[in-house]
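Engineer: Can you look at this prediction? I've put the sequence above it.
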Number of protein chains: 2
Amino acid sequence: MDEINNIEVVPCTESDYLKPFRVHYNQNGTKKSWDFMRTHDSVSVLIFNTTSHCFVLVKQFRPAVYMCEWERTKTQPCEAAEKTEEGASEAVASGSESREDRADAEGGSSSAWPPAATGITYELCAGLVDKPDLSLEEIARQEVLEECGYDVPASKLKRITSYRSGVGVTGSKQTMFYAEVSDDNCVSAGGGEPREGELIEVVKVPLHEAMTFAYNERIPKTMGVIFSFIWFHNNMSPKYKISTNV
Amino acid sequence: MDEINNIEVVPCTESDYLKPFRVHYNQNGTKKSWDFMRTHDSVSVLIFNTTSHCFVLVKQFRPAVYMCEWERTKTQPCEAAEKTEEGASEAVASGSESREDRADAEGGSSSAWPPAATGITYELCAGLVDKPDLSLEEIARQEVLEECGYDVPASKLKRITSYRSGVGVTGSKQTMFYAEVSDDNCVSAGGGEPREGELIEVVKVPLHEAMTFAYNERIPKTMGVIFSFIWFHNNMSPKYKISTNV
């Protein structure tokens, strides 16, 4: 489990990562404007290990998620309580009647910062398309190697589909791939590029638990994990003889 | 089709919508920092019209998507060509060999701005969770009414699941609902709140075309559309006797 402390939030007046722009335009004769950010397209990869019949995901502390949860403890403490309840949807339905101060609920801790675990998410192996000379497949291949430690040729990556990963703030496109790997392809422990500040944990989800994992709202994850698990269920299950219900 | 012109892009030094922050923290003893933006959680709703056996989606011009495509015409002209090709995945695979100036490809237009259509996306009916007194179901209900013109009680909304809609820049959570409507519930044309600058077109996708629509990469859409169509296929198809292949 990651240990997070010494947290300090400051306004960000200039950033190498967040570059806001404003576009003014006329839409059907009406003058409008919109604030947006430039960002790179991305790739994500559903990795299936055919030796262990497990999906390979990455798990990492996401500061933006953590800050969102911290914000929630201040404004919507009912949602924070949700994680400790048995049924997530019931907790949300009844949550508005049980608002209470999160710090108190945590046992009167002197700090209002939630535990580090609230900022951790399960995600597909993924990366930005920031190398113009490489194909999407080659970028995806590099991410599989760096983050998860499997060395597979780009030609073995199967394109699943593409979509907009953002439509409000950013408008970037994500292309999703499927990669079958085996223990023989495993050349390192993965974990990302420490140079780039990545602290990534590689986790395996057994195939027979995948659909339960996908729909368990108490496990924080991206929509890509849910969608790709269902895609696999629908498209690959005959090959791997899954009898899991959705 | 929307007409977009008089486009001007300027840096955005202060915004009511984009508020960047920087968080400094220690992770397992290592000092780190991350730039992020505060944002609201959101809801999205898969709407199925049981009278016409159609899904009800929204279609709108997204400035952030448009700017992303404009950027692409400058840096990755091969991708721009993709839309005109028969097979999208083939076009991408061969795209790096056929780089050409987009303005020239468009017939030597004096303006480098791509057509408005490149900024239009198909999405689920959705909205921000920015009314603390309303439940997620009530917010979703309001969005269905405002954007798509169907008046359904909040109690009829079925929670599908929730996930992180962002993990890098924002860390917000989205909860997805399913709403069955009929023509009898249709009380207006929808189209969003013009006061809020929304120009939303309500579109119907017939059930028997849904899976083809979902995986057609030439139709710009969010992952939520693809995931929810497949969720419906897996969970509702017995009820509606679908024989569509995935």
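Structural biologist: Perfect, thanks for sending it.
Engineer: CA atoms for contacts and neighbours, from now on please.
Structural biologist: Fine.
Engineer: For A:Val203, grab phi and psi.
Structural biologist: Main-chain torsions, A:Val203, degrees, to the nearest 10: phi -130, psi 150.
Engineer: what's the neighbour count on it?
Structural biologist: A:Val203 has 15 neighbouring residues, counting by other Cα atoms under 10 Å in any protein chain shown.
Engineer: And for A:Asp184?
Structural biologist: Neighbours of A:Asp184 (other Cα under 10 Å): 11.
Engineer: Can I get the helix or strand harbouring A:Trp70 in PDB? Just the C-alpha atoms.
Structural biologist: Using DSSP states H and E, A:Trp70 maps to helix A:63-75. Written as PDB, here are the backbone C-alpha positions of helix A:63-75 (Å, rounded to 0.1, in the frame of the first residue of the first chain):
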ATOM      1  CA  PRO A  63      -3.300  12.500  -7.400                       C
ATOM      2  CA  ALA A  64      -6.300  13.800  -9.400                       C
ATOM      3  CA  VAL A  65      -8.500  11.000  -8.100                       C
ATOM      4  CA  TYR A  66      -7.200  11.500  -4.500                       C
ATOM      5  CA  MET A  67      -7.900  15.200  -4.700                       C
ATOM      6  CA  CYS A  68     -11.400  14.500  -6.000                       C
ATOM      7  CA  GLU A  69     -12.100  12.200  -3.000                       C
ATOM      8  CA  TRP A  70     -10.600  14.800  -0.600                       C
ATOM      9  CA  GLU A  71     -13.000  17.400  -2.100                       C
ATOM     10  CA  ARG A  72     -15.800  14.900  -1.600                       C
ATOM     11  CA  THR A  73     -15.100  14.500   2.100                       C
ATOM     12  CA  LYS A  74     -15.600  18.300   2.400                       C
ATOM     13  CA  THR A  75     -18.700  18.600   0.300                       C
END
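Engineer: How far away from the center of its chain is it?
Structural biologist: Remark: helix A:63-75 is offset 16 Å from the chain centroid, using Cα atoms, centre = their mean, to the nearest Å.
Engineer: Would you tell me whether that helix gets close to chain B?
Structural biologist: Yes. Interface with chain B: helix A:63-75 contributes A:Pro63, A:Ala64, A:Val65, A:Tyr66, A:Met67, A:Cys68 (Cα under 8 Å from any Cα of the partner chain).
Engineer: Which member of those is positioned nearest chain B?
Structural biologist: The closest of the residues of helix A:63-75 next to chain B to chain B turns out to be A:Val65 (Cα to the nearest Cα; 3.8 Å).
Engineer: now the closest one, nearest residue through space, not along the chain?
Structural biologist: Nearest residue to A:Val65, sequence neighbours excluded (Cα to Cα, 6 or more residues apart in numbering or on different chains): B:Gly171, at 3.8 Å.
Engineer: what's around the one you found, how many residues?
Structural biologist: When counting by other Cα under 10 Å, one arrives at 26 neighbours for B:Gly171.
Engineer: wait, isn't it in contact with A:Tyr66?
Structural biologist: Yes. With contacts counted by Cα atoms under 8 Å, B:Gly171 reaches A:Tyr66, the gap being 7.3 Å.
Engineer: Start from the N-terminal end of chain A and give the strands.
Structural biologist: A:4-11, A:20-27, A:30-37, A:42-49, A:54-61, A:120-123, A:125-128, A:158-164, A:173-181, A:201-206 (DSSP state E).
Engineer: so what's A:Leu199 up against?
Structural biologist: Neighbouring residues of A:Leu199 by Cα atoms under 8 Å, 6 or more residues apart in numbering or on different chains: A:Gln60, A:Phe61, A:Gly191, A:Gly192, A:Glu193.
Engineer: Select from those residues the one having the most neighbours.
Structural biologist: Greatest neighbour count in the contacts of A:Leu199, by other Cα under 10 Å, goes to A:Phe61: 24 neighbours.
Engineer: how near is that residue to B:Glu147?
Structural biologist: Separation of A:Phe61 from B:Glu147 (Cα to Cα, to the nearest Å): 35 Å.
Engineer: cool, and A:Val23?
Structural biologist: Distance of A:Val23 to B:Glu147, given as Cα to Cα: 24 Å.
Engineer: Neighbour count for these two, which is higher?
Structural biologist: Neighbour count, other Cα under 10 Å: between A:Val23 and B:Glu147, B:Glu147 has more, with 24 against 19.
Engineer: Just confirm that one contacts B:Ser188, I think it does.
Structural biologist: No. If you go by Cα under 8 Å, B:Glu147 and B:Ser188 don't touch, sitting 9.5 Å apart.
Engineer: okay, now A:Thr170: neighbour count?
Structural biologist: For A:Thr170, the count of nearby residues is 25 (other Cα under 10 Å).
Engineer: ugh, typo on my part, it should be A:Lys221
Structural biologist: Using other Cα under 10 Å, A:Lys221 is surrounded by 26 other residues.
Engineer: so it bridges to which residues?
Structural biologist: A:Lys221 has these beta-bridge partners by DSSP bridges: A:Tyr122.
Engineer: List the contacts of it.
Structural biologist: Shown in contact with A:Lys221 (Cα under 8 Å, 6+ apart): A:Thr121, A:Tyr122, A:Glu123, B:Tyr163, B:Arg164.
Engineer: correct me, but the third one touches A:Val58?
Structural biologist: Yes. A:Glu123 sits in contact with A:Val58 when judged by Cα under 8 Å, with a separation of 5.4 Å.
Engineer: Same drill for those two, tell me which one is more crowded.
Structural biologist: Neighbour count, other Cα under 10 Å: between A:Glu123 and A:Val58, A:Glu123 has more, with 25 against 21.
Engineer: what about that one, distance to B:Arg72?
Structural biologist: 26 Å.
Engineer: where does chain A dip in pLDDT?
Structural biologist: Where chain A drops to pLDDT under 70, the residues are A:1, A:75-111, A:194-198, A:241-246.
Engineer: swap the cut-off to 80 and go again
Structural biologist: For chain A, the stretches flagged by pLDDT under 80 are A:1-2, A:74-112, A:192-199, A:237-238, A:241-246.
Engineer: give me phi/psi at the spatially closest residue to A:Gly224 that is not a sequence neighbour?
Structural biologist: Closest residue in space to A:Gly224, ignoring its immediate chain neighbours: A:Leu124 at 6.7 Å, by Cα to Cα, 6+ apart. Dihedral pair for A:Leu124: phi -70, psi 150, per degrees, to the nearest 10.
Engineer: can I assume A:Leu124 is in contact with A:Ser44?
Structural biologist: Yes. At 6.0 Å, A:Leu124 counts as touching A:Ser44 under the criterion of Cα under 8 Å.
Engineer: which ones are touching the residue lying farthest from the centre of chain A?
Structural biologist: The centre of chain A is farthest from one residue, A:Gly29, which by Cα atoms, centre = their mean lies 39.2 Å away. Neighbour list for A:Gly29: B:Glu3 [criterion: Cα under 8 Å, 6+ apart].
Engineer: do the same with A:Lys173
Structural biologist: When contacts are counted by Cα under 8 Å, 6+ apart, A:Lys173 touches A:Asp41, A:Ser42, A:Ser162, A:Tyr163, A:Arg164, A:Ser165, A:Gly166.
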